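K.L.:
structure, please.
(chains A and B)
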Amino acid sequence: MNEYVVTLDGKKKEIKVVNESTVRIGDIEKEVIISKVNNYLYLLKIANKTYEITTQKLNEEKFRLGVDGHLFETVVRTRLKENASEVIKNKSNEPHITKIVGPMPGLVLKIFKGVGEHVEENEPIVVLEAMKMENEIRSPKSGVIKEVLLKHGSTVEKDAVILTIE
Amino acid sequence: MIKRILIANRGEIAVRITKACREMGITSITVYSDDDRNSLHIRHADEAYYLGPSPASESYLNAKKIIELAKQVNADAIHPGYGFLSEKADFIKAVEDAGIIFIGPSSKSVELMGGKTSARKLMKEHNVPIVPGTVEPIGDLKDALKIAGEIGYPIMIKATAGGGGKGMRKVTNDKELESAFTMARSEALKAFGNADIYMEKFIEDPKHIEVQILADKFGNYIHLFERECSVQRRHQKVVEEAPSISVTPEIRERLTTAAVNAAKACGYYNAGTIEFLLDKNKNVFFLEMNTRLQVEHPVTELITGVDIVKEQIKIADDKKLEIKQEDLRILCHALECRIYAEDVENNFAPSIGQILHHRLPSGPGIRIDRGIDVLSKVSVYYDPMLSKVISYGKDRSEAIQRMKLALGAYQIVGVITNIHSFKWVLSRESFLNGTFDINFIEKEFIPLLPDKWKEYDSEEYEDVVSILSALLKNKENEFKAETQSVSSSNKWMGQRYE
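P.N.:
Got it, this is the predicted structure:
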């Protein structure tokens, strides 16, 4: 039996895959039938109800799923990996460097902060123009800016590191 | 007689126009940029020509190139869609001068409605109610204070050449006006190269109501009733509907009369929209005129049964309007949700990429106007609107119910869309009872970001996607284990054969 921990919207769900057609979610056992329509669409029959679910794999452990107009991002880990990542998380309370990457390609319109300045979590740090719109990039955490890797008026690529915060 | 139409646009509106052409037996000619090589508007057109690199300035905004191309391919008319070149009087003039029919109003009408103060002045002269305030640029602070005394605070200071909120300021007393006056002027000068400003009364929490009109070149004017577009974020409309739940027959009479007067005032022909603000005391004020086809035209098409794009083409082709005002009725209620490629939970960041999977909803009362399909690229260079889901029903609640079903069945993979955020809007008390105004999203939705609005996400769906995620991961792990054992045995076999 394989045990997985699925994290979505800050909640954790324990799923045990008993065999191909039986899963246990928490303490409840469910009969399931999974059918692949194409790489991005699956049918999942649970008891007497069938769901159409769109999926996109974002990385090794992350999926984006859509069902009946709802959208979720899930992180799936084996029980073992989940335990390991919890340990790492608890250890990482000492200061470390966070890299901020551009969520989209765009033109740098404004840079609010410079090297050495303090930022609060959720504080706007950069404004990128993309798709005719100005988009604020906010800091994912509080800290001190260590590097600024972009210039006013330049363009940035998606996923390029634009700033580091300590 | 129009036989070949060049569509100087992209996305869903280019597709929409090709459909009208097809129905009328007209050849549709589309243009495309690098990023649009696989776009839907290419696939729907009879002919498609490469225009230039992806940035709009080098493709869809390149007026000279578009007109040259139209001549080369023997197009006898150009349809500009909305956005891009549709309201640029210079472009319209150049099309007219090239001997090509422009499917829209004359450049003169567009010019008359283009300037903020000149349009206000024209409206006032033709009995169209405008927001109380000035119709000429204000000379100095002394005049400003005097006018402020007449119209009363709060007041908006706006740039004559304005747009996009630049040079716009709200003031609530003389002292604020004194400091804002100079600042607004310098902001306007910087943004538009013109320091002229004017003042109007600030309207508290109004609704955005607009009237669709049609006019031919023979002086016949009709209106196709109103639309309400109060659900908007940063002046970007999100949900539109027709008719408006807040418009009584008496208000409708005032609105539509004003709209037709506005169109007459600028000698308008073709399809146009006159936007109004409706305040808490049921006063209507002229806001501006959009001298083109609008994104939300389908809701009007559904409630009246009129094909606005076909009418546009007929009017441009010197035909008289066949529809009479007295023949028009509001047949049903219609709703439109704009599907944007944006990540609502991540501060509405645009989401770009390629469409990997796309499946449309269908069923009673559903229409989809779209610009995407599998393989389409969602590019950083253009508007993030992918498609529009339009529903209609015998009344508002049936239209809302059908919309919810359609949104639930609409599948897009490859980019993040705002589809999942509409259920919140369509279930909100103030949306349902009609008390919502243009600050609805700002006041009720934004405070719930990033994810508090998602409370409707039921545990059932959370379990379903969790189970699927675990099953997919499990399959992967098993597959990995299998391929590992296969490759190791191959290695062993390989060694043996050496």
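K.L.:
CA only for contacts and neighbour counts going forward, please
P.N.:
Noted.
K.L.:
show the contacting residues for the closest residue to chain A within chain B.
P.N.:
Here the residue of chain B nearest chain A is B:G408; by C-alpha to the nearest C-alpha that distance is 3.8 Å. Contact partners of B:G408, counting by C-alpha atoms under 8 Å, 6 or more residues apart in numbering or on different chains, are A:V67, A:D68, A:G69, A:H70.
K.L.:
switch to 6 Å and redo it
P.N.:
Contacts for B:G408 (C-alpha atoms under 6 Å, 6 or more residues apart in numbering or on different chains) come out as A:D68, A:G69.
K.L.:
for the one 3 residues further on, same thing?
P.N.:
Taking C-alpha under 6 Å, 6+ apart, we find B:Q411 in contact with B:H358, B:R359.
K.L.:
B:E275 contacts B:V284, doesn't it?
P.N.:
No - if you go by C-alpha atoms under 6 Å, B:E275 and B:V284 don't touch, sitting 9.9 Å apart.
K.L.:
rewinding a little: following the chain onward from the strand or helix carrying the residue of chain B closest to chain A, which element is next?
P.N.:
With elements taken from DSSP states H and E, the one containing B:G408 is helix B:396-409. The C-terminal neighbour of helix B:396-409 among helices and strands, as given by DSSP H and E, is strand B:411-413.
K.L.:
what stretches of the chain score poorly on pLDDT?
P.N.:
Unless you meant another one, I'm taking chain A. Chain A contains residues with pLDDT under 70 at A:1, A:91-95, A:132-133.
K.L.:
was after chain B, sorry
P.N.:
B:163-167, B:456-457, B:483-498.
K.L.:
just the buried positions in stretch A:25-35, please.
P.N.:
Within stretch A:25-35, the residues that count as buried by 16 or more other C-alpha atoms under 10 Å in any protein chain shown are A:I25, A:K30, A:V32, A:I34.
K.L.:
and the spatially closest residue to the first one that is not a sequence neighbour, what element?
P.N.:
When you say that, I think you mean A:I25. Ranked by C-alpha to C-alpha, 6 or more residues apart in numbering or on different chains and with sequence neighbours excluded, the top spatial neighbour of A:I25 is A:I15, at 4.7 Å. Per DSSP H and E: A:I15 is located in strand A:11-19.
K.L.:
repeat that for A:L163.
P.N.:
Counting by DSSP H and E, the element that carries A:L163 is strand A:161-165.
K.L.:
what does that strand rub up against?
P.N.:
When contacts are defined by C-alpha under 6 Å, 6+ apart, strand A:161-165 is touched by residues A:97-101, A:143-150.
K.L.:
narrow these to those in strands?
P.N.:
Those of the contacts of strand A:161-165 mapping onto strands are A:T98, A:K99, A:I100, A:V101, A:G143, A:V144, A:I145, A:K146, A:E147, A:V148, per DSSP state E.
K.L.:
what's the closest of the residues you listed to B:L328?
P.N.:
A:V101 (54.7 Å; C-alpha to C-alpha).
K.L.:
identify the residues contacting the closest one.
P.N.:
Residues in contact with A:V101 (C-alpha under 6 Å, 6+ apart) are A:D159, A:A160, A:V161, A:I162.
K.L.:
show residues contacting the strand holding A:I15.
P.N.:
Against strand A:11-19 from outside (C-alpha under 6 Å, 6+ apart): A:M1, A:N2, A:E3, A:Y4, A:V5, A:V6, A:V23, A:R24, A:I25, A:G26.
K.L.:
who wins for neighbours among these?
P.N.:
Neighbour counts for the contacts of strand A:11-19, by other C-alpha atoms under 10 Å in any protein chain shown, peak at A:V6, which reaches 28 neighbours.
K.L.:
not counting sequence-adjacent ones, nearest residue to B:P129?
P.N.:
In space, B:P129 is closest to B:F285, 5.2 Å off (C-alpha to C-alpha, 6+ apart).
K.L.:
same question for B:C229.
P.N.:
Once flanking residues are discounted, B:C229 sits nearest to B:E240: 4.6 Å by C-alpha to C-alpha, 6+ apart.
K.L.:
what's downstream of the host helix or strand of that neighbour, the next helix or strand?
P.N.:
According to DSSP H and E, B:E240 maps onto strand B:236-242. As assigned by DSSP H and E, the chain's next helix or strand after strand B:236-242 is helix B:249-265.
K.L.:
so what are the sheet partners of the helix or strand just after that next one and their directions?
P.N.:
Using DSSP H and E, the helix or strand that follows helix B:249-265 in sequence is strand B:270-278. In the sheet, strand B:270-278 lines up against strand B:207-215 (antiparallel), strand B:284-290 (antiparallel) (DSSP bridges).
K.L.:
let me know the angle separating the shortest one from helix B:249-265.
P.N.:
Orientation check (axes from the mean of the first three to the mean of the last three C-alpha atoms, to 10 degrees): strand B:284-290 against helix B:249-265 gives 40 degrees.
K.L.:
which other helices and strands contact the longest strand seen in chain A?
P.N.:
Criterion DSSP E: the longest strand present in chain A is strand A:28-38. When contacts are defined as 3 or more C-alpha pairs under 6 Å, 6 or more residues apart in numbering or on different chains; DSSP states H and E, strand A:28-38 packs onto strand A:22-25, strand A:41-46.
K.L.:
mind checking how far it is from the chain centre?
P.N.:
Remark: strand A:28-38 is offset 24 Å from the chain centroid, using C-alpha atoms, centre = their mean, to the nearest Å.
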